[in-house]
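Novice: 3D model of this:
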Amino acid sequence: MGALEIGFIDSPSNGFQSIALNIVSVRLNPSTNPAVPDTDPNWVTVSAPSGAGPGELSVNLLDFQNNAVVFNIGQVTAQNYNQVEVVIDATQPGMVIPSCSAAKPAAQEGCITANVAFTGSTNLRTTSPVSVPFTGLTTLLLDINPGTPVPPASPGGKYTLNPSISVAPVSPFLIPVSGTVAGVPATGDIISAELTGTNSIVASAQLTTGGNFTMQLPAAEPPGTTYDLFVSGSSTFAVKSGITLIRGGSAPPAQSFTVLTASGVALTGAVIDGRTKGALTGATVSLLLPASSADNCVTSMSGCVIVATTTSDSAGNYTFPSVTPPPSGTPFYVQASIPGTNTVTQLLSYSSIPTCPSGPNASNCSFLLDNDLLTGTITVDPPPGAGTNTVVTLLAEPTGTGNLVGFSQVTVTSLGTAPFQLEVPTTVSPTTGNNNVDLIASAQDAYLGVGTQFSGHQLAVLGNVNPTSPPAGGINLTVSCLGHGTIAGTALSPDANTHVRLFQDGVQLMDSTVGSTVPTPGSTATPAFPTQYSFCAPPNNTYTIQRFEETSATAVPVGTATMIVVPTPEPVATSSPCPLCENALGQCPGNCSATSANSLQP
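Specialist: Sure thing, here's the model as predicted:
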């Protein structure tokens with residue numbers, strides 16, 4: 001067997017916010033016959049990674065336009081292959097969201113999600129030689145070109161795609177990371193790379209004979225992409241933190257780890273709501289190992305690597321079935337979190353069983369996650385019709401940020417008003433000391449009977465709310481049916497770190513990437529909408545648009561903020577392709593052409 005790492009890039013696409021494909025697997029065949037049938041027994045398969053959903057990985061092609069994304073690393077027969085296939089879900093191939101441009105076909109609703117149909121097979125094939133030896137790691141980078149999507153012929157119809165694939169050069173998108181694991185690595189031990197400070201695993205590979213490993217990891221333009229590495233399996237964990245890779249740069253020095261064979265013991269506990277004392281279901285519980293003894297995971301995540309995660313059950317209980325005691329002098333930490341509560345990290349102690357002495361139960365590692373409760377009312381205007389309802393989503397963010405810290409959904413009936421309860425952490429911004437939150441209410445509207453993420457209702461916002469001292473008149477949020485509005489503009493001279501954010505009354509609503517200006521290496525296609533950003537924002541409102549440039553630590557505002565008003569469209573007949581609620585006259589305000597914003601300077 002040989003190790004094969006598969007990644008994707010995307011050729012530039014014309015005027016779309018998203019082109020998502022549901023990828024089931026990648027297959028290879030040694031046959032030189034380009035017409036070899038899909039039923040041929042010599043196909044070997046690298047499936048979607050575990051945890052990717054119902055046996056497939058949904059990818060937005062525009063997310064990795066000029067940026068590689070690793071699909072999976074699989075073990076395949078070591079031999080020469082001549083056929084490569086990307087297998088797409090034949091039942092639901094994908095979805096498309098068109099750009100919010102002013103010019104649209106009559107049947108196309110700007111910014112509204114539409115299903116995809118292929119004109120040909122959903123097995124995308126290319127004839128290209130790939131040699132997989134039985135040692136080392138072979139990397140296969142595939143360029144998925146969506147072609148020219150054809151808009152639907154009628155409202156609610158499907159976009160038609162005829163995509164193709166080709167083999168792309170690995171450089172400069174991927175950087176090799178290699179090294180050795182000393183000690184006694186057991187068969188099946190795995191080395192994983194995850195984005196620093198997260199449990200988002202980008203790639204994993206099995207150790208080869210002698211404890212060696214190699215993997216290719218995506219690297220962004222400066223300031224680059226930073227990774228944590230960890231070894232896991234039947235041996236003790238070992239970690240490295242803060243390895244930064246830069247597009248087209250040099251490979252980092254070889255990484256060395258040491259593990260010891262040790263038998264594991266179970267780590268158990270419960271996650272409890274600190275306010276109600278009830279069980280918290282679905283909380284994320286993580287096992288953390290610091291890269292050095294100087295790193296304290298209780299006070300900072302810097303240098304702390306998440307090496308395992310699990311979730312709490314309906315009774316609030318969680319279990320790590322086998323945790324190996326760390327080498328002497330190396331601490332372990334356990335962390336629990338769930339939106340709406342404080343995140344708590346505890347130092348893990350070992351005796352006969354692992355315990356957390358600072359926790360509420362000294363016999364295991366349990367957590368009390370504290371929170372404050374916000375209450376109020378949500379009003380939908382006009383109210384839903386008799387026998388119907390509207391679901392309103394309520395979000396809480398630390399004031400001035402777009403970070404989610406609280407989430408709730410409220411069903412509003414024909415009465416027009418319903419109460420809400422929303423849990424938020426007692427500490428939302430430890431670095432600033434400001435624990436106030438911004439609230440955003442959004443109605444979940446339907447388009448032609450199908451749910452859509454873009455609301456035809458007003459986004460009701462309330463900024464800088466103090467959870468321990470809410471407004472004197474209570475929190476009352478009203479979402480009115482306004483119509484479907486869009487904003488489109490340009491950010492001059494962007495790079496991969498350029499973003500544009502939309503604000504309403506100082507509350508951050510949305511974040512948009514900026515269209516690429518750089519063709520994919522090896523491709524003759526050029527982006528049709530370079531420098532473009534767009535938002536789907538309800539009309540009859542005044543917004544603020546601000547450009548940001550991401551750095552290694554944060555996003556910095558650049559230039560002057562721009563004010564823009566999205567006008568209310570004229571009411572149209574109910575037979576129009578309208579993605580929102582009707583007014584009292586049986587009409588809906590309809591879709592307006594994109595409102596143009598001023599160009600944002602670098």
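Novice: What's the first helix or strand after the helix or strand residue 160 falls within?
Specialist: In this assignment (DSSP states H and E), residue 160 forms part of strand 159-161. Going down the chain from strand 159-161, the next helix or strand is strand 164-168, by DSSP H and E.
Novice: List the buried residues for that following strand?
Specialist: 165, 166, 167, 168 (16 or more other C-beta atoms under 10 Å). Just so you know, the C-beta spots here come from the backbone N, C-alpha and C atoms, and that holds for glycine as well.
Novice: Quick check: of the residues you listed, which lies closest to residue 489?
Specialist: Using C-beta to C-beta, residue 168 comes nearest to residue 489 of the buried residues of strand 164-168, at 31.0 Å.
Novice: Surely that closest one touches residue 144?
Specialist: No. Taking contacts as C-beta atoms under 8 Å, residue 168 lies outside contact range of residue 144: 9.6 Å.
Novice: so what sits against both of these two?
Specialist: residue 9 (C-beta atoms under 8 Å, 6 or more residues apart in numbering).
Novice: The helix or strand that contains residue 558 pairs with which strands, parallel or anti?
Specialist: Assigned by DSSP H and E, residue 558 falls within strand 555-566. Sheet neighbours of strand 555-566, with direction, are listed as strand 541-550 (antiparallel) (DSSP bridges).
Novice: Please determine how far the residue nearest to residue 47 when sequence neighbours are not counted is located from residue 87.
Specialist: Nearest non-adjacent residue to residue 47, counting by C-beta to C-beta, 6 or more residues apart in numbering: residue 25, 4.8 Å away. Distance, residue 25 to residue 87, by C-beta to C-beta, to the nearest Å: 5 Å.
Novice: same check, this time on residue 26
Specialist: From residue 26 to residue 87 the distance is 7 Å (C-beta to C-beta).
Novice: Between these two, tell me which one has more neighbours.
Specialist: Using other C-beta atoms under 10 Å, the more surrounded residue of residue 26 and residue 87 is residue 26, with 26 against 22.
Novice: Tell me who's in contact with that one.
Specialist: With C-beta under 8 Å, 6+ apart, residue 26 has these contacts: 6, 45, 46, 71, 72, 84, 85, 86, 87, 140, 142.
Novice: So which of those residues is the closest to residue 410?
Specialist: Nearest member of the contacts of residue 26 to residue 410, counting by C-beta to C-beta, is residue 71, at 38.5 Å.
Novice: buried stuff in the helix or strand the closest one falls within?
Specialist: Take DSSP H and E as the rule and residue 71 turns out to sit in strand 69-76. By neighbour count with 16+ other C-beta under 10 Å, strand 69-76 contains the buried residues 69, 70, 71, 72, 73, 74, 76.
Novice: pLDDT weak spots in the stretch 501-602 of the chain?
Specialist: 515-530, 552-553, 569-594 (pLDDT under 70).
Novice: at 80 instead, please
Specialist: For the stretch 501-602 of the chain, the stretches with pLDDT under 80 are 513-532, 534, 536, 539-540, 551-554, 567-595.
Novice: ranges for the strands of it?
Specialist: Under the criterion DSSP state E, counting those that start in this stretch, the stretch 501-602 of the chain contains strands at 507-513, 532-536, 541-550, 555-566, 595-596.
Novice: And those: which comes nearest residue 220?
Specialist: strand 541-550 (9.4 Å).
Novice: Output the closest one as CSV - backbone C-alpha positions only.
Specialist: Backbone C-alpha positions of strand 541-550 (Å, rounded to 0.1, in the frame of the first residue of the first chain) are rendered in CSV as follows:
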residue,chain,number,x,y,z
ASN,A,541,-32.3,50.6,5.9
THR,A,542,-29.0,52.4,6.3
TYR,A,543,-25.8,50.3,6.6
THR,A,544,-22.1,51.0,7.1
ILE,A,545,-19.5,49.2,5.0
GLN,A,546,-15.9,48.8,6.3
ARG,A,547,-12.9,47.2,4.6
PHE,A,548,-10.6,45.0,6.8
GLU,A,549,-7.2,43.4,6.2
GLU,A,550,-6.5,40.3,8.2
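Novice: Flag every buried residue along that strand.
Specialist: Quick answer for strand 541-550 (16+ other C-beta under 10 Å): 541, 543, 544, 545, 546, 547, 548, 549.
Novice: Among those residues, which one sits closest to residue 497?
Specialist: Using C-beta to C-beta, those come closest to residue 497 at residue 549, 5.4 Å.
Novice: Contacts only, for the closest one.
Specialist: Counted by C-beta under 8 Å, 6+ apart, residue 549 has contacts 497, 498, 499, 555, 556, 558.
Novice: In this model residue 491 seems to touch the second one, though I could be wrong.
Specialist: Looking back up the chat, that one is residue 498. Yes. With contact defined as C-beta under 8 Å, residue 498 counts as touching residue 491 (5.6 Å).
Novice: between these two, which one's more packed in?
Specialist: Ranked by neighbour count (other C-beta under 10 Å), residue 498 and residue 491 place residue 491 first, with 27 against 24.
Novice: Tell me who's in contact with the more buried one.
Specialist: Neighbouring residues of residue 491 by C-beta under 8 Å, 6+ apart: 498, 500, 514, 531, 533, 547, 599, 600, 602.
Novice: Fine by me, thanks again.
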